[in-house]
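Novice: Need coordinates for the below:
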Amino acid sequence: MLSRAGWLALMILVPCSIASAQGASDLELLLQELKQQYAQTTEDLRQRITALERQLEQQKQAAVEAKNATEAAAKAAAGEAVQKALFGDSQTVGAQFQGKLPSRPTYDLLQEAETAIAELQQRAGLFEFHGYFRSGYGLNSRGGQQVAFQAPGAGAKYRLGNEAETYGEFILVNNWLNPERSTDKAWFHTEVMLEANTSNSASYSNLNIPGNDQFRLREAFVRGGNLFGSQPDAKFWAGERYYRRQHVEINDFYPLDMSGYGGGVEDVNFGFGKMAVGYIAGARPDVATQNGNYIKNNVDVRLYDLKGPAGVWAGWFDYADSQGGTTSTGAIIPTSNGYATGIRYQRLNWHGGFQTIGVQYGTGAASNFSASIDDPTAFIDSTKRFLITGQMLFQPNDTFAIMPIAIYQRTRDGNPTNGWDQWISFGARPEVFFTRFLSLAVEGGVDRTRSDTGQYEGWLRKLTIAPQIGAGRQFFSRPVLRGFATYANWSEGLRGFVGGTPFRNRRNGLTYGVQLETWW
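Specialist: Below is the predicted model:
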């Protein structure tokens, strides 16, 4: 049996090792180890107490049988037996448990172990790690690296088997206050997200090519909630973040993306719905006037979670402005402003999926439905955009799912001599699940684009077949490993605009490869 000093040394070393561990995974491992030690110690103590009780009973019986012994002598003998057993002097009990316990467990030491476990659980809850990434490799039918098929003037492309890069988002969250998010307590957390994408060049390639490897800090903000008793749902934030983005899944299109730098409040509860107000801004360092870098300010107001006919409704409004000036070369940058507004309908928990429809309209500096800054042309105040998007997920059972989408967009660059550009897109991704882990995904999509200046006009059709090994029987089950073959063809009016160098002078193309996709 280890000495008392050995047990205390072990209890000192355990927290020291915990303090030096890095990351939530190390903390969780140490937590499990300490829990196992605690459970083993408790079980050994129970066995020892049982043995001691048994021996004590035997001693009492012996004292009763010794009729010639006085009552005082009997008590002294029993007390001596207990003392010997507790301090390891008993030849039977001491030998039975010798070396099994790191030291003699006491109530104080067990309480210290429980405290250490509670501290580890709290520390593990402080830190969160989330993320998304996709990676793989593909070839084109002419023997070179995979290229993506996307129509000119289209805001996105159909994704399955049509992503030729490695891309990742890695999110680190630290919960500074109330990590368990108790409803009656305030909470704060910090969130940082690193974004990375590569062009799938050779590993460790040292190529000084724009776009080859890109790393960005996309989020760095603090958010806090339950700060006021009258508005426990309200959340305040400041910093850089992805801000309440709307997303069409299978072509990775963002109808509304006000991500940027600023601050605001979300989830102010009015009973009939919630409201969010944010100030979001950004700058163009490549466009500078006597006022400094060209910037764009946005005031974004949203009303959402409105219960209405057949679903949940939301509305939003954005006002944007940019201060103009004169560049060092004498070019005039106009001052501009504009507004954008939209409504969104959602039907949740619909046949194992959902429905979403959005309608948006914007003018001037706000016409791109984004905090990003378009080139400041002389006609920017007259730019316009009209957009309708729809998507749904239908999964009636665990063997079949399908997601269809549709997009209609018209844009105008503000030049009075030019009309409206147009983008129409529709497609679907059905999936069949054969087993818990094996499935087949097929994705087809059509994009039709037209430039009013006559630069291009035509259609692009794309079809992908992808056998998959995934983590479940749901459309969004991840991780997923897939092989794919993608075929695309396009009209004469898009020749030279689709497929990059391998298919520049062609009207069709084929790519194939492997890919993984996951989030957590």
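
Novice: Count residues in the vicinity of Asp184, would you?
Specialist: By other C-beta atoms under 10 Å, the residues close to Asp184 number 8. (C-beta placed from N, C-alpha, C; glycine too.)

Novice: quick one, what contacts the nearest residue to it once chain neighbours are set aside?
Specialist: Closest residue in space to Asp184, ignoring its immediate chain neighbours: Asn226 at 7.8 Å, by C-beta to C-beta, 6 or more residues apart in numbering. Asn226 makes contact with 178, 183-187, 232-233, according to C-beta atoms under 8 Å, 6 or more residues apart in numbering.

Novice: repeat for Phe434
Specialist: With contact taken as C-beta under 8 Å, 6+ apart, Phe434 is in contact with 399, 440.

Novice: ok, so what distance separates it from His189?
Specialist: Counting by C-beta to C-beta, to the nearest Å, the gap from Phe434 to His189 is 41 Å.

Novice: Need the residues that contact stretch 460-468.
Specialist: Contacts for stretch 460-468 (C-beta under 8 Å, 6+ apart): 149-151, 154, 157-158, 160-162, 427, 431, 438-449, 480-491, 494, 498.

Novice: Any regions of this protein where pLDDT drops low?
Specialist: For the chain, the stretches flagged by pLDDT under 70 are 1-31, 33-34, 62-114, 116-124, 203-211.

Novice: Where does the record place the domain boundaries for it?
Specialist: The chain is divided into the following domains under automatic domain parsing: 4-122, 141-519.

Novice: I'd like the ones you listed as a markdown table, with distance to Arg134 appended.
Specialist: Converted to a markdown table, the domains of the chain look like this (distance: least, C-beta to C-beta, whole Å):
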| stretch | distance to Arg134 |
| --- | --- |
| domain 4-122 | 22 |
| domain 141-519 | 4 |
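
Novice: Count the neighbours of Val480 for me.
Specialist: Neighbours of Val480 using other C-beta under 10 Å come to 21.

Novice: next one: Asp375
Specialist: By other C-beta under 10 Å, neighbour count at Asp375 equals 10.

Novice: host element of it?
Specialist: Assigned by DSSP states H and E, Asp375 belongs to no helix or strand.

Novice: What's the separation between it and Asp421?
Specialist: Taken as C-beta to C-beta, the span from Asp375 to Asp421 is 15 Å.

Novice: do the same with Gly224
Specialist: On the measure of C-beta to C-beta, Gly224 and Asp421 end up 43 Å apart.

Novice: Which of those two has more residues huddled nearby?
Specialist: Asp421 (20 against 17).

Novice: Write the ChimeraX selection for whichever of the contacts of stretch 460-468 are buried.
Specialist: Buried subset of the contacts of stretch 460-468, written as a ChimeraX selection, criterion 16 or more other C-beta atoms under 10 Å:
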select :149,150,151,154,157,158,160,161,162,427,431,439,441,442,443,444,445,447,448,449,480,481,482,483,484,485,486,487,488,489,490,491,494,498
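
Novice: Do you have the helices of this protein handy? List them.
Specialist: 4-20, 23-65, 71-86, 93-97, 107-126 (DSSP state H).

Novice: that older thread, select from the contacts of stretch 460-468 every entry located in strands.
Specialist: 427, 431, 438-449, 480-490 (DSSP state E).

Novice: that older thread, and of the contacts of Asn226, the nearest to Ser382?
Specialist: Using C-beta to C-beta, Asp233 comes nearest to Ser382 of the contacts of Asn226, at 40.5 Å.

Novice: who touches that closest one in this structure?
Specialist: Counting by C-beta under 8 Å, 6+ apart, Asp233 makes contact with 225-226, 267-269, 274.

Novice: State the distance from it to Ser322.
Specialist: 34 Å.

Novice: likewise Trp176?
Specialist: On the measure of C-beta to C-beta, Trp176 and Ser322 end up 36 Å apart.

Novice: neighbour count winner among these two?
Specialist: Ser322 (26 against 12).

Novice: Bridging across strands, which residues link to that one?
Specialist: For Ser322, the beta-bridge partners are Ser336 (DSSP bridges).

Novice: quick one: it and Asn291 touch, right?
Specialist: No - contact criterion C-beta atoms under 8 Å: Ser322 and Asn291 do not qualify, at 10.3 Å.

Novice: Who wins on neighbours among the contacts of Asp233?
Specialist: Neighbour max across those (other C-beta under 10 Å) = Gly225, 23 neighbours.

Novice: Quick check: bridge partners of that one?
Specialist: Here Gly225, judged by DSSP bridges, has bridge partners Trp187, Lys235.

Novice: Name the nearest residue to Gly273, ignoring sequence neighbours.
Specialist: With C-beta to C-beta, 6+ apart, the residue lying closest to Gly273 is Leu306, at 4.1 Å.

Novice: for the one you found, what are its contacts?
Specialist: Here Leu306 is in contact with 272-273, 312-315 (C-beta under 8 Å, 6+ apart).
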